[in-house]
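**Student:** can you look at this prediction? I've put the sequence above it.
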Amino acid sequence: MGFLKDLATLTAKGNAAYARMDVGATLEAASRSMDQAGRVLAASTPHADEEWLEAVRLRTTGTVVDARQLPMVIGMNVVVELDLVVAMPSGFPLPVTRTEQVAPQHLARVAPGSTVEVSIVPGRPESVRIEWGA
């Protein structure tokens, strides 16, 4: 009889919780979460530059100043906001903030103080791209 009594108690508690649940608020929270995920995904997806811009892209290095993990995982990739200082060929450092999807095998490469290979289109700081294959 103990099993049936426990089952009846759990059923009653589940029904009470269901009656108190605000479905509209739950759906609204899920919608906000999906909107945030869409923004992060758009920010971390490389944009297709025009072909001639790819031809003038320069390879250089960037130093990771800070790395902040965002509360999101896409597939197995952790979403990280990186503050970089890019060493420009002119000698002037260029501070850049990028949102990146970082694969687990590359997490150690984005620790503060580390150097990563990057490429940039001169005159377009928003075009900084981390070259993970380098």
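**Tutor:** Arrived safely, thanks for sending.
**Student:** CA atoms for contacts and neighbours, from now on please.
**Tutor:** OK.
**Student:** so what's the backbone phi/psi at residue 122?
**Tutor:** phi -50, psi 130 (degrees, to the nearest 10).
**Student:** next, count neighbours for it.
**Tutor:** Neighbours of residue 122 under the rule other CA atoms under 10 Å: 14.
**Student:** that one against residue 55, yeah?
**Tutor:** No: judged on CA atoms under 8 Å, residue 122 makes no contact with residue 55 at a distance of 11.1 Å.
**Student:** not counting sequence-adjacent ones, nearest residue to residue 40?
**Tutor:** Excluding the flanking residues, the one nearest residue 40 by CA to CA, 6 or more residues apart in numbering is residue 99, at 7.4 Å.
**Student:** and the pLDDT at that neighbour?
**Tutor:** Residue 99 carries a pLDDT value of 89.
**Student:** which stretches of the protein form strands?
**Tutor:** Secondary structure of the chain (DSSP state E): strands at 58-74, 77-87, 93-102, 115-121, 124-130.
**Student:** residues of the last one that come out buried?
**Tutor:** Okay, so that is strand 124-130. 127, 128, 129, 130 (16 or more other CA atoms under 10 Å).
**Student:** tilt between it and strand 115-121?
**Tutor:** Counting by axes from the mean of the first three to the mean of the last three CA atoms, to 10 degrees, strand 124-130 lies at 140 degrees to strand 115-121.
**Student:** list the contacts of strand 124-130.
**Tutor:** 46, 94, 96, 116, 117, 118, 119, 120, 121 (CA atoms under 8 Å, 6 or more residues apart in numbering).
**Student:** confidence-wise, which helix or strand of the protein is lowest on average?
**Tutor:** helix 51-55 (a mean of 76; mean pLDDT, DSSP states H and E).
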